[in-house]
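**Student:** Only the shape, not the letters, is given here:
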């Protein structure tokens, strides 16, 4: 009797997830269109439609839609999805509810690599930027994981956040020193504050396939991550190849976080908040959490970007700062709710 | 003025969670009293209220006829010392330094140690058998030695009463005896009143002049070890069926072996579950 | 270190600081001998020498020493009271709270006038107190009291929030203000003149004196609430007083230097290694160590990529972050040993 109920419950959850996914995708589409319409100059919906179906090279508004607003909104979508999925994968693998690529040093590692790239390489190509962001994110992740694996109870959320904070501070300090030394602190600020303002199709062409692949692998891995989230011993007992899952998972996280930094600079808290929210909506199964996180993350970033554009128009609020402001209270709430030793 | 510790209808709680309610009891002076009881029965809480670490919501606690919550905290610290469970000293503190903190209640201003303070500190160190270790860092000592340092600190407070919360936790058997024998000496030689929570029933019985058994924030039984360490009381306090014999050496009652009272019930539970 | 040798540490520091002082005066595009410097300090230098040494270098060096001492003492108290070796006014977000008040003032009023230099520390104290209270309240649980781990975690988060607000404010500024505030945010001794020395000095002097008088209480509070109660310390009141002192010291320093993290972490640790945890000696040693650290960092910041200047806070972070990691790792050794 009881088992039947559980089965029904699980099935319900599947339907619920599907429903949520569809609903959120619908919202996402709506806000994407809204994001194209609003901005410094308002572009009527009909013009947007025109720009898609009857593109006219001479029409400035058409150019704005296709070359400025569309890449911008797509950037927001992919960056949001990438950050949220990387956060979900990290949370599942480390069983750490506060895991986030921004808090764990990945974003600042990528930002440092970018700073080096911009300061010392002439005429950087976009693929070089993305590549260096991977290397930086990887190095940041390695440093934080390395440190916390040496620290007793390093997997405790608290310790990981602290190692992350220390590594981040260090990396940011190095970036700042490089930036000031090369008189490009304004330029670097763009990366450190987080923004999707100036993204072009060229950048997206390089970044979108990577993010797509990362999310796909994460989805394929999600069943194993669910098991891993119950603890390593349990996972081993159920025959999950720990090292394989962890290695692939870490690569996915680095790919996603690195690419999103290359696209939008450092944006913290998305990776922590969205998976929590997804878990709150549909329960602890990562097969559902990961896809839902992708959509919710995209939605959050698109909405926040609309806010960044309009709240203090005509100037823009940095997207990263806006999201931090939203994220901090939620982080505090979760940290407070977290029972037991941190 | 009436000597001794007495509580009147005290109520103690952590936030909303009431641990002790309507508790009135007195602790005999000049004796060793041990408190026993199952986990969460309020015995540590009781000790903390006596040492005013935890405030009480209702009632009164008297020490030598004075209400302790009306005494300035330093004055009380001259009369009553309390040693919490598993205290932690900062790194690098030497034995002598830690023991000298016991003189805090007597110091004024910048707190230089007077000649008298120094004498008392070295007496406390000697009494606890730590002579020669004064310059050692407390973190380099063994568990038993470290516990003795804390006791020495309490001694340096020169109080009539010392409260201890499980002073033998985390110590192996020889160290446990070492600590308890030290406390027994302090009681016999210096006339200190000692009140402590002990986990081990047999040790509690062996070293006590007076015992108190707690359960769910109430005193089930108080009296000599013979009155407390018996089948009926242990049944009520711990829900165990104990076999009590008399220790041929100390002539105190000890608990030879025990069984859970509702063992059969537990077994049937396991079966059902399977 | 042997107890006997502890006093020598103080003497050693009192030698090292003048040494660093002379090196720092010469760091940059000048080259004076010791005799030259003594001559200038005695008021017998020529016009240019007077300007370089007395108007630029001296106040800057003194500010570095004072700021270092202030942050170090603030960290020392917070570490002692929360019994958390990782606490630091910067990490706890107190500096950020102080900083945003200063930032808002600078943005709204443009320049800092003579009168306002002395008001600035009070302003930043308000910001620091508000932030500190919020963090403290968030970290307090009804039944368990304050958790020192939560204190740090909430501090990190609050700091992120305040930094976000700062970023938003900074975006509204023009380029020159932007450059200045970016440096200030990273922690630099931004306006080294005698006015600032005069504004900061009383805070540090009063702070140190008060703390030395309270050193006995600090000793006992580091052993935890239960022991402190047992020894007759009025724990709650004493804690509030001392934490207020810590916040005030940090706030006053932030007003003149921006937030320099990690000094409050490193200096107390190094000092404890050197002279143990008795606060009567620890407090002066800690103040001197902190001062020395910031002075060295500031000298490096000024000279390493001349003619441009790195904010001092960055140099300190480059030293401090690895130290923080080292402390995290050290905890491992302790658990393995025991």
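**Tutor:** Great, that's in hand. Only a predicted model underlies this, so the values are computations on that prediction, with no experimental measurement involved.

**Student:** Point out where the stretch 1-150 of chain A drops to low pLDDT.
**Tutor:** Low-confidence regions of the stretch 1-150 of chain A, defined here as pLDDT under 70, cover residues A:1-11.

**Student:** go with 80
**Tutor:** Along the stretch 1-150 of chain A, the model assigns pLDDT under 80 to residues A:1-14, A:39-41, A:54-58, A:94-99, A:101-104, A:121-127, A:145-150.

**Student:** Now do the helices in it.
**Tutor:** Using DSSP state H, counting those that start in this stretch, the helices of the stretch 1-150 of chain A run over residues A:2-37, A:45-53, A:60-63, A:70-94, A:106-120, A:126-150.

**Student:** Relative to residue A:246, which of these is closest?
**Tutor:** Evaluated with C-beta to C-beta, the helices of the stretch 1-150 of chain A place helix A:70-94 nearest to residue A:246, the distance being 6.1 Å. From N, CA and C alone the C-beta is placed, and that goes for glycine too.

**Student:** by how many degrees do the closest one and helix A:126-150 diverge?
**Tutor:** Interaxial angle, helix A:70-94 versus helix A:126-150 (axes from the mean of the first three to the mean of the last three C-alpha atoms, to 10 degrees): 20 degrees.

**Student:** what residues are up against the most centrally placed residue in chain A?
**Tutor:** Chain A has residue A:83 as the residue nearest its centroid, 1.1 Å off, counting by C-alpha atoms, centre = their mean. Neighbouring residues of residue A:83 by C-beta atoms under 8 Å, 6 or more residues apart in numbering or on different chains: A:101, A:256, A:257, A:260, A:267, A:270, A:271, A:274, A:297, A:301.

**Student:** re earlier: most tightly surrounded among the helices of the stretch 1-150 of chain A?
**Tutor:** Greatest average neighbour count among the helices of the stretch 1-150 of chain A goes to helix A:70-94 (a mean of 28), per mean count of other C-beta atoms under 10 Å in any protein chain shown.

**Student:** and that one, how far out from the chain's middle?
**Tutor:** Relative to its parent chain, helix A:70-94 has a centroid offset of 3 Å by C-alpha atoms, centre = their mean, to the nearest Å.

**Student:** Let me know how buried residue 173 is, in neighbour terms.
**Tutor:** Picking chain A for this. 27 (other C-beta atoms under 10 Å in any protein chain shown).

**Student:** The chain in question should be chain B.
**Tutor:** When neighbours are defined as other C-beta under 10 Å, residue B:173 has 10 of them.

**Student:** for residue B:150, same thing?
**Tutor:** So residue B:150, with other C-beta under 10 Å, has 25 neighbours.

**Student:** go on, the one 5 residues further on?
**Tutor:** For residue B:155, the tally of surrounding residues (other C-beta under 10 Å) stands at 25.

**Student:** The spatially closest residue to it that is not a sequence neighbour: what secondary structure?
**Tutor:** Residue nearest to residue B:155 in three dimensions, not counting chain neighbours: residue B:124, with 4.0 Å by C-beta to C-beta, 6 or more residues apart in numbering or on different chains. Three-state call for residue B:124 (DSSP: H, G, I helix; E, B strand; the rest coil): helix.

**Student:** contacting residues around residue B:124?
**Tutor:** Taking C-beta under 8 Å, 6+ apart as the criterion, residue B:124 is in contact with B:99, B:102, B:152, B:153, B:155, B:156.

**Student:** on that earlier part again, return the closest of the contacts of residue A:83 with respect to chain B.
**Tutor:** Of all the contacts of residue A:83, chain B sits closest to residue A:274, with 33.8 Å by C-beta to the nearest C-beta.

**Student:** My guess is that closest one contacts residue A:295. True?
**Tutor:** No - judged on C-beta atoms under 8 Å, residue A:274 makes no contact with residue A:295 at a distance of 9.4 Å.

**Student:** quick one, which of these two is more surrounded?
**Tutor:** Using other C-beta under 10 Å, the more surrounded residue of residue A:274 and residue A:295 is residue A:274, with 29 against 24.

**Student:** still on that earlier bit, so can I have TSV of the contacts of residue A:83 showing secondary structure and distance to residue B:257?
**Tutor:** Shown next, in TSV, are the contacts of residue A:83 (DSSP: H, G, I helix; E, B strand; the rest coil; distance: C-beta to C-beta, whole Å):
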residue	secondary structure	distance to residue B:257
A:101	coil	58
A:256	helix	61
A:257	helix	61
A:260	helix	65
A:267	coil	65
A:270	helix	61
A:271	helix	57
A:274	helix	58
A:297	helix	62
A:301	helix	67
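
**Student:** Looking at the residues you listed, state which has the most neighbours.
**Tutor:** Neighbour max across those (other C-beta under 10 Å) = residue A:260, 39 neighbours.

**Student:** near chain C, from the contacts of residue A:83?
**Tutor:** The subset of the contacts of residue A:83 within reach of chain C, by C-beta under 8 Å from any C-beta of the partner chain, is empty.

**Student:** So which of these sits lowest on pLDDT?
**Tutor:** Lowest pLDDT among those: residue A:101, with 79.

**Student:** Next, count neighbours for the residue nearest to residue B:148 when sequence neighbours are not counted.
**Tutor:** Nearest non-adjacent residue to residue B:148, counting by C-beta to C-beta, 6+ apart: residue B:128, 4.5 Å away. When neighbours are counted by other C-beta under 10 Å, residue B:128 registers 26.

**Student:** contacting residues around residue B:128?
**Tutor:** B:148, B:149, B:151, B:152, B:155, B:182.

**Student:** Redo these as TSV? Include secondary structure.
**Tutor:** As requested, these are exported to TSV (three-state DSSP):
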residue	secondary structure
B:148	helix
B:149	helix
B:151	helix
B:152	helix
B:155	helix
B:182	helix
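
**Student:** so what's the closest residue to chain C within chain B up against?
**Tutor:** Minimum separation of chain B from chain C (C-beta to the nearest C-beta) falls at residue B:77, amounting to 2.9 Å. Neighbouring residues of residue B:77 by C-beta under 8 Å, 6+ apart: B:104, B:105, B:157, B:159, C:230, C:231, C:232.

**Student:** do that again at 6 Å, thanks
**Tutor:** Taking C-beta atoms under 6 Å, 6 or more residues apart in numbering or on different chains as the contact definition, residue B:77 lies against B:105, C:231, C:232.

**Student:** how about the strands in chain C?
**Tutor:** Under the criterion DSSP state E, chain C contains strands at C:140-141, C:145-146.
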